[in-house]
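> let me see the structure of the following:
(one chain, ligands or ions: 3)
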Amino acid sequence: MSSTLSDVFRSHPIHIPLSNPPDFKSLPDSYTWTPKDDLLFSASASDETLPLIDLSDIHVATLVGHACTTWGAFQITNHGVPSRLLDDIEFLTGSLFRLPVQRKLKAARSENGVSGYGVARIASFFNKKMWSEGFTVIGSPLHDFRKLWPSHHLKYCEIIEEYEEHMQKLAAKLMWFALGSLGVEEKDIQWAGPNSDFQGTQAAIQLNHYPKCPEPDRAMGLAAHTDSTLMTILYQNNTAGLQVFRDDVGWVTAPPVPGSLVVNVGDLLHILTNGIFPSVLHRARVNHVRSRFSMAYLWGPPSDVMISPLPKLVDPLQSPLYPSLTWKQYLATKATHFNQSLSIIRN
Ligand SMILES: C=C1C[C@]23C[C@@]1(O)CC[C@H]2[C@@]12CCC[C@@](C)(C(=O)O1)[C@H]2[C@@H]3C(=O)O
Ligand SMILES: O=C(O)CCC(=O)C(=O)O
Ligand SMILES: [Fe+2]
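Numbering: from 1, shown residues only. Ligands and ions are numbered 1, 2, ... in the order given. Reported below is the predicted structural model:
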């Protein structure tokens, strides 16, 4: 897994200087965003609310399917991930970002690498800098964590391992709720494996830190993007910041609901459903009172699997909206064309 995704970025290196991190005390021009830096920067905000779904509801598949079709995102409660584990991953994230910057830079992501400390890869598509720092985990974090915490790395590796196990199971469950609502059956997705439990799928964990900001209205934590995943499951601490975009309503904030998780459809699930589920545009705003942490589980298919619109979801009189491609091939397109990728590959 790690070698596969790393290959993508070896051929698409990005250069985002890390050697001179900002002190996050004032907002220099390089961090000041205006509508010309991002067309949707000042698009209207709405007080609509994202669907909140209790996974123990008897109508759960219908609710998940409806949220995926109308929003491409929703929040979940009763998801089965122990709250102790959510506390642990939040503790890990806080401990990581509170390390002195020189220590964090020991685990800096290389220009053509994928794991480690740095700014989000999408930074290369914008003229202005984002008010955040990130850490990406793909495969074992042992090598990087040993540099960050020479004597406590094993404890942190265990948290990541346990978090990945729970998230993988939850992602598989959500996937069947969502696809089941469209009439897709287990036999329709061979790559879900012999037990239809999606063993063999790949994932990245992205830890994000948005320090408090002196002028939040002019800053951007993480600019508008879609995820290249099948699905992303995000845990946010008790501070709001995530917003999702809907053409008809504008930006909608996902408020932190204690113990809940936010789920969003990614580009590959949009492709798999032949466009039925929108891959939702989202971003993270910042505030001047509290720093914010978020922990994203970015879930995708096994590396050798070709993803294409499921025949059942394609009108027999029309051609599928998208061609077949692997996650790795899609990430390579995304590394060049960013938010235009879906329209570039569309048949
Ligand atoms: C698997 C991946 C998805 C991701 C690129 C990556 O290889 C690892 C980091 C992921 C992330 C997290 C923050 C937002 C995002 C757009 C980015 O810049 O890096 C996503 C990437 C993605 O979904 O395309
Ligand atoms: O921090 C957030 O709320 C959003 C994070 C995100 O979109 C990502 O990591 O892909
Ligand atoms: Fe995202």
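> how many residues are close by the residue lying closest to residue 222 once chain neighbours are set aside?
Nearest residue to residue 222 in three dimensions, chain neighbours excluded: residue 284, at 4.0 Å (CB to CB, 6 or more residues apart in numbering). No exception for glycine: its C-beta is placed from N, CA and C like everyone else's. If you count neighbours by other CB atoms under 10 Å, residue 284 ends up with 24.
> over to the one 4 residues further on?
A total of 11 residues lie near residue 288 under the criterion other CB under 10 Å.
> hang on, it packs against residue 215?
Yes - here residue 288 reaches residue 215: they are 7.5 Å apart, a contact under CB atoms under 8 Å.
> next up, identify which helix or strand the residue nearest to residue 255 when sequence neighbours are not counted is on.
Nearest non-adjacent residue to residue 255, counting by CB to CB, 6+ apart: residue 240, 5.5 Å away. Using DSSP states H and E, residue 240 sits in no helix or strand.
> my read is that residue 240 contacts residue 253, right?
Yes - when contacts are counted by CB under 8 Å, residue 240 is listed as touching residue 253 (5.6 Å).
> helix, strand or coil for residue 204?
strand (DSSP: H, G, I helix; E, B strand; the rest coil).
> burial count for it?
23.
> go on, residue 88?
18.
> isn't it up against residue 160?
No - in this structure residue 88 lies outside contact range of residue 160 using CB under 8 Å: 9.6 Å.
> residue 127 contacts residue 37, doesn't it?
Yes - between residue 127 and residue 37 there is a contact under CB under 8 Å: 5.7 Å.
> looking at the two, which is more packed in?
residue 37 (13 against 9).
> if I look at the more buried one, how far off is residue 241?
18 Å (CB to CB, to the nearest Å).
> now residue 88: closest residue in space, sequence neighbours ignored.
Using CB to CB, 6+ apart, the nearest residue to residue 88 is residue 159, at 4.7 Å.
> dump the residue contacts of the one you found.
Residues counted as contacts of residue 159 (CB atoms under 8 Å, 6 or more residues apart in numbering) are 85, 88, 89, 91, 92.
> cool, residue 67 as well?
50, 51, 53, 73, 74.
> counting neighbours, what do you get for the first one?
When you say that, I think you mean residue 50. 23.
> hmm, residue 68 and it touching each other?
No - using CB under 8 Å, residue 50 makes no contact with residue 68, being 12.0 Å away.
> thought residue 196 was touching residue 186?
Yes - if you go by CB under 8 Å, residue 196 and residue 186 touch, sitting 4.3 Å apart.
> can you list the residues of the stretch 51-200 of the chain near ligand 2?
Counting by CB under 6 Å from any ligand atom, no position of the stretch 51-200 of the chain is adjacent to ligand 2.
> quick one: the helices in the stretch 51-200 of the chain?
60-70, 83-97, 101-106, 142-148, 153-180 (DSSP state H, counting those that start in this stretch).
> pick out the shakiest of those helices, pLDDT-wise.
Among the helices of the stretch 51-200 of the chain, helix 101-106 has the lowest mean pLDDT, at a mean of 93.
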